[in-house]
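Q: turn this into a structure:
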Amino acid sequence: MDNLFIPQENKTPLVQCNYALGQIQFNGRSIPENSIEFYEPVFKWIDNYVLQPQKETQVNIHLEYFNTSTSKCLLDIFKKLYQMHQAGTSKVLITWIYEEDDEDMLEAGEDYQALIMLPFAMKKVST
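A: Next comes the predicted model:
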């Protein structure tokens with residue numbers, strides 16, 4: 001299975017999906033004009049990944065800001081990963097990384113944690 005790499009741009013995050021390592025990573029800000037179009041390659045990659053996942057899947061999310069449509073895309077990604085986790089084919093851990101003074105991003109991570117029953121680790125980093 002091929003890895004997925006989308007470079008960070010002004011309105012879109014860095015996206016790295018590494019099959020061999022079982023890692024999915026988002027870094028930066030996510031305010032694309034069309035979130036569904038931007039995240040479509042990620043949805044397709046995850047759909048293929050869940051067919052033969054690694055025993056452990058690590059998802060690192062370090063977004064400084066995201067818009068409402070990105071929020072829905074993240075929820076869809078979490079739902080796909082939850083189904084895989086629930087089936088027992090891969091142990092999933094979401095690491096939600098937020099800046100120490102960014103209460104909004106901490107709350108966003110806590111909201112996702114409450115909505116999706118996946119293991120979440122909240123990681124505060126210095127600005």
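
Q: what element comes up after the longest helix along the chain heading to the C-terminus?
A: The longest helix of the chain (DSSP state H) is helix 68-87. Where DSSP states H and E defines the elements, the next helix or strand beyond helix 68-87 is strand 91-99.

Q: okay, the next helix or strand after that next one in PDB with CA atoms only?
A: Beyond strand 91-99 on the C-terminal side, the first helix or strand identified by DSSP H and E is helix 103-115. The C-alpha trace of helix 103-115 is given here as PDB (Å, rounded to 0.1, in the frame of the first residue of the first chain):
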ATOM      1  CA  GLU A 103      -8.100  26.600  25.100                       C
ATOM      2  CA  ASP A 104     -10.300  26.400  21.900                       C
ATOM      3  CA  MET A 105      -8.200  23.600  20.400                       C
ATOM      4  CA  LEU A 106      -8.100  21.700  23.700                       C
ATOM      5  CA  GLU A 107     -11.900  21.900  23.900                       C
ATOM      6  CA  ALA A 108     -12.200  20.800  20.300                       C
ATOM      7  CA  GLY A 109     -10.100  17.700  21.100                       C
ATOM      8  CA  GLU A 110     -12.200  17.000  24.200                       C
ATOM      9  CA  ASP A 111     -15.400  17.300  22.100                       C
ATOM     10  CA  TYR A 112     -14.100  14.700  19.600                       C
ATOM     11  CA  GLN A 113     -13.100  12.500  22.500                       C
ATOM     12  CA  ALA A 114     -16.600  12.700  23.900                       C
ATOM     13  CA  LEU A 115     -18.200  11.900  20.500                       C
END
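
Q: just the angle between the helix or strand that helix 103-115 is followed by and helix 103-115, please?
A: Following helix 103-115 in sequence order, the next helix or strand is strand 120-125 (DSSP H and E). Relative orientation of strand 120-125 and helix 103-115, computed by axes from the mean of the first three to the mean of the last three C-alpha atoms, to 10 degrees: 170 degrees.

Q: what about strand 120-125, distance to the chain center?
A: Chain-centre distance of strand 120-125: 13 Å, with C-alpha atoms, centre = their mean, to the nearest Å.

Q: rounded mean pLDDT for the longest helix of the chain, please.
A: Taken as a whole, helix 68-87 carries a mean pLDDT of 95.

Q: right, I'll call it a day here.
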